[in-house]
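Colleague: here are the coordinates; sequence isn't available:
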């Protein structure tokens, strides 16, 4: 664990968020998530401490929120409330969610689209969020497919992986765009100057995988990203931290993310059962507890909460629906980092260098 | 860990392998793997103890093998040597490997094709093995795509997953075939009477994933496998052991397998670092060591060595190239289980029920 601090995420926002002269506004969906709005306000209490300069446009049921804010004086200091008549249920289909007028989720997206907020955060229905964000906030020029990106733990520190499920099927061009967005995210969220990039495959030899992967690799090798691109990586390279960024399609990324989380859970469940064997093993646990507490804190899924829907005309962050206050605050940190570290400017800059976003296809972005 | 024994693999072969009147022959590629032939013979020493009724056709350099067998008297008791002039290098491309005459790998496949052996085991070049097995041993009637299947650890005991990389792209029909083969493998390798089957997806709702997955699910629900089919499962369901069999395409399966292994490695690396912190934590380790040793043994990758190339006219088992003797013996156990428990008969029976293998497409196996 000695190297983990070299890629810890907190210092990045911590360092810049309190810098003077950088006011910013985030629109927060107060009604999204399993226990909204209470966990949202619990989270915003923490955000108010960490980012006192933040301005929060809190969108939801005005009466309910004004009442709840009385119990959250810290959050109240940074929040202004905007009423929304409706909220999107967690199980509603995206097509139905798009038709709901005046929802809190739509409200935060509109605030970004109108320039009232730099970013939006919601712990609500993921499918609905993706659909509303694409339609209302819109994709960055030059990005054909916004993606879901987040940070995961590895043996070498935090690693950025995308797409985590926004796009089930992807072509070579999409994967190249993901590499561009992943690089920018690693810079903005992890503070890395020159993040390395790998393309997830079933082997690291050039001939592995399908035509789509070979094309994406060829395009990356001929692009301005070439010095960062380390070729194909495999499943075990994600948790080994072989590259800072792992690029894949949304189907594979979603499965890899959940399989990795599941395997960590299995491992720690087994370790727990060993400690619970008898009185002697319980005693042993007391002896190693401080170290285990630090380890647990480091890989705590709450600390990794907050996936960015990247490639949009604004910062859109999705918190896990089951998040608690601490986890929601982590998602807010992700939004703050992305806004303050100029995530979208970094993406635009790379797209310009790649010659994308000028309307025409160039050899670099190839087919599709 | 209390439930693991309910789905342990060893008892299955252990129980039947010593049954009288069941002689069988396995052809073993003595020259495949990083440290062949020595680890192969180390493994066969163990096999000779576990399965004294086994007959091994050991294919490789005769002079070298006869000499080496003098140091492996147990293995020598069950082995007869067949000379092969050549061996396939680990890095050789499949197309090149197919052109090598008289290789030990080709020799074991030919022994199966001619009916001299019930199965073949090799720790050699995976791509070459897949190519040679398909061409020489051939696919079972009714199976369009042989797949790579193996057993993985989960919180509820061992789980069968396929395809692990034989087929990068798969359609609905391939996935239905994988379900058939996975069920048979769970019966033959884990001894389960009625294994449950899940189809890997990015969510468990019916509308998730792509058309290919929805079609495969619909076909399974209308087939004789319907009572076993539990619908879509997600990445974390693999390690949770939600279903006994997890069906997916070879790209996703390979990534999921390696990501899960990598995450387990990450977790145990972190645990190790906690125990190494200081003298007190080292003392604590001594107190929990027996439990940790048992746990490590249970999830030992060597114990899970041996993937079956399933769907062929014979049992073909691939051992990891870096296997040691213990791991190679585990791969031999897999082959013994598959042969003695009638893996291919179980597959043929299901294909008959599904109406596949009679030449024509039926509504059950749909498109492609």
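Modeller: Sure, I can see it. Computed from a predicted model, the values in this text were never measured in an experiment. Numbers count the residues shown, from 1 in each chain, chains lettered A, B, ... in the order given.
Colleague: Any residues of the stretch 251-368 of chain A in contact with chain B? List them.
Modeller: The stretch 251-368 of chain A comes close to chain B at residues A:251-252, A:254-271, A:273-275, A:277, A:280-281, A:283-285, A:287-288, A:291-292, A:294-295, A:298-299, as judged by C-beta under 8 Å from any C-beta of the partner chain. Glycine gets a C-beta too; all of them are placed from N, C-alpha and C.
Colleague: ChimeraX command to pick out the buried ones of the residues you listed?
Modeller: Only the buried entries of these go into this ChimeraX selection, using 16 or more other C-beta atoms under 10 Å in any protein chain shown:
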select /A:251,252,254,255,256,257,258,259,260,261,262,263,264,265,266,267,268,270,271,274,275,277,281,284,285,287,288,291,292,295,298,299
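Colleague: quick one: which of the residues of the stretch 251-368 of chain A next to chain B sit in helices?
Modeller: Among those, the members found in helices (DSSP state H) are A:251-252, A:254-271, A:273-275, A:280-281, A:283-285, A:287-288, A:291-292, A:294-295, A:298-299.
Colleague: Give me the buried positions along stretch A:65-85.
Modeller: Buried residues in stretch A:65-85 (16+ other C-beta under 10 Å): A:65, A:68, A:69, A:72, A:74, A:75, A:76, A:78, A:79, A:81, A:82, A:84.
Colleague: Now, those that are in helices?
Modeller: A:65, A:68, A:69, A:74, A:75, A:76, A:78.
Colleague: now these as CSV including distance to chain B and pLDDT?
Modeller: Output for these, formatted as CSV (distance: C-beta to the nearest C-beta, whole Å; pLDDT from 0 to 100):
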residue, distance to chain B, pLDDT
A:65, 31, 97
A:68, 31, 95
A:69, 34, 96
A:74, 34, 96
A:75, 32, 97
A:76, 37, 96
A:78, 35, 96
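Colleague: could you dump those residues to CSV with distance to residue A:138?
Modeller: CSV is the format used below for those (distance: C-beta to C-beta, whole Å):
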residue, distance to residue A:138
A:65, 28
A:68, 32
A:69, 31
A:74, 33
A:75, 29
A:76, 32
A:78, 27
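Colleague: And the strands in chain A?
Modeller: Ranges of strands within chain A are A:24-29, A:54-60, A:79-83, A:119-122, A:147-152, A:159-162, A:197-200, A:229-233, A:245-247, A:307-310, A:315-318, based on DSSP state E.
Colleague: can you put those strands in a markdown table and add distance to residue B:312 and mean pLDDT?
Modeller: Formatted as a markdown table, the strands of chain A follow (distance: least, C-beta to C-beta, whole Å; pLDDT from 0 to 100):
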| stretch | distance to residue B:312 | mean pLDDT |
| --- | --- | --- |
| strand A:24-29 | 54 | 97 |
| strand A:54-60 | 59 | 97 |
| strand A:79-83 | 64 | 97 |
| strand A:119-122 | 50 | 98 |
| strand A:147-152 | 37 | 94 |
| strand A:159-162 | 36 | 96 |
| strand A:197-200 | 29 | 98 |
| strand A:229-233 | 28 | 96 |
| strand A:245-247 | 34 | 98 |
| strand A:307-310 | 42 | 96 |
| strand A:315-318 | 45 | 97 |
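Colleague: wait, which of the ones you listed is closest to residue A:140?
Modeller: strand A:307-310 (8.9 Å; C-beta to C-beta).
Colleague: what does that closest one contact?
Modeller: Outside strand A:307-310, the residues within contact range by C-beta atoms under 8 Å, 6 or more residues apart in numbering or on different chains are A:129-130, A:133, A:146-150, A:162, A:164, A:166, A:181, A:184-185, A:189, A:315-318, A:334-335, A:338, A:343, A:347.
Colleague: among the buried residues of stretch A:65-85, which two are most distant?
Modeller: Of all pairs in the buried residues of stretch A:65-85, the most separated under C-beta to C-beta is A:74 and A:84 at 22.7 Å.
Colleague: count of neighbours near the closest residue to chain B within the stretch 101-250 of chain A?
Modeller: Closest residue of the stretch 101-250 of chain A to chain B, C-beta to the nearest C-beta: residue A:235 (2.8 Å). Other residues near residue A:235 number 28, with proximity taken as other C-beta atoms under 10 Å in any protein chain shown.
Colleague: Apart from its chain neighbours, what residue comes closest to residue A:325?
Modeller: Using C-beta to C-beta, 6 or more residues apart in numbering or on different chains and skipping the chain neighbours, the partner closest in space to residue A:325 is residue A:42 (2.7 Å).
Colleague: how about low-confidence regions in the stretch 151-300 of chain A?
Modeller: A:207 (pLDDT under 70).
Colleague: which residues does residue A:339 contact?
Modeller: A:24, A:26, A:118, A:119, A:315 are the contacts of residue A:339 under C-beta under 8 Å, 6+ apart.
Colleague: Count the neighbours of the third one for me.
Modeller: Residue crowding around residue A:118 was assessed by other C-beta under 10 Å; the count is 21.
Colleague: same deal with the second one?
Modeller: Using other C-beta under 10 Å, residue A:26 has 28 neighbouring residues.
Colleague: mind listing what it touches?
Modeller: When contacts are counted by C-beta under 8 Å, 6+ apart, residue A:26 is found next to A:54-57, A:117-121, A:315, A:332, A:335-336, A:339.
Colleague: make it 7 Å
Modeller: With C-beta atoms under 7 Å, 6 or more residues apart in numbering or on different chains as the criterion, the residues that contact residue A:26 are A:54, A:56, A:117, A:118, A:119, A:121, A:335.
Colleague: can you check the last one too?
Modeller: Contact analysis of residue A:315 by C-beta under 7 Å, 6+ apart lists A:118, A:119, A:308, A:335, A:338, A:339, A:343.
Colleague: if we take the residues you listed, which one ends up nearest to residue B:326?
Modeller: Nearest to residue B:326 among these, with distances taken as C-beta to C-beta, is residue A:308, at 45.4 Å.
Colleague: I'd like to know how far that closest one sits from residue A:50.
Modeller: Plainly put, residue A:308 is 18 Å away from residue A:50 if you go by C-beta to C-beta, to the nearest Å.
Colleague: of the two, who's got more company?
Modeller: Between residue A:308 and residue A:50, counted using other C-beta under 10 Å, the more crowded position is residue A:308 (30 against 16).
Colleague: Report the central residue of chain A.
Modeller: Nearest to the geometric centre of chain A sits residue A:307, at 2.0 Å (C-alpha atoms, centre = their mean).
Colleague: For the residue lying closest to it once chain neighbours are set aside, give the beta-bridge partners.
Modeller: Once flanking residues are discounted, residue A:307 sits nearest to residue A:150: 3.9 Å by C-beta to C-beta, 6+ apart. Using DSSP bridges, the bridge partners assigned to residue A:150 are residue A:161.
Colleague: Confirm for me that residue A:150 is in contact with residue A:165.
Modeller: No. Applying C-beta atoms under 7 Å, one finds residue A:150 not in contact with residue A:165, separated by 10.2 Å.
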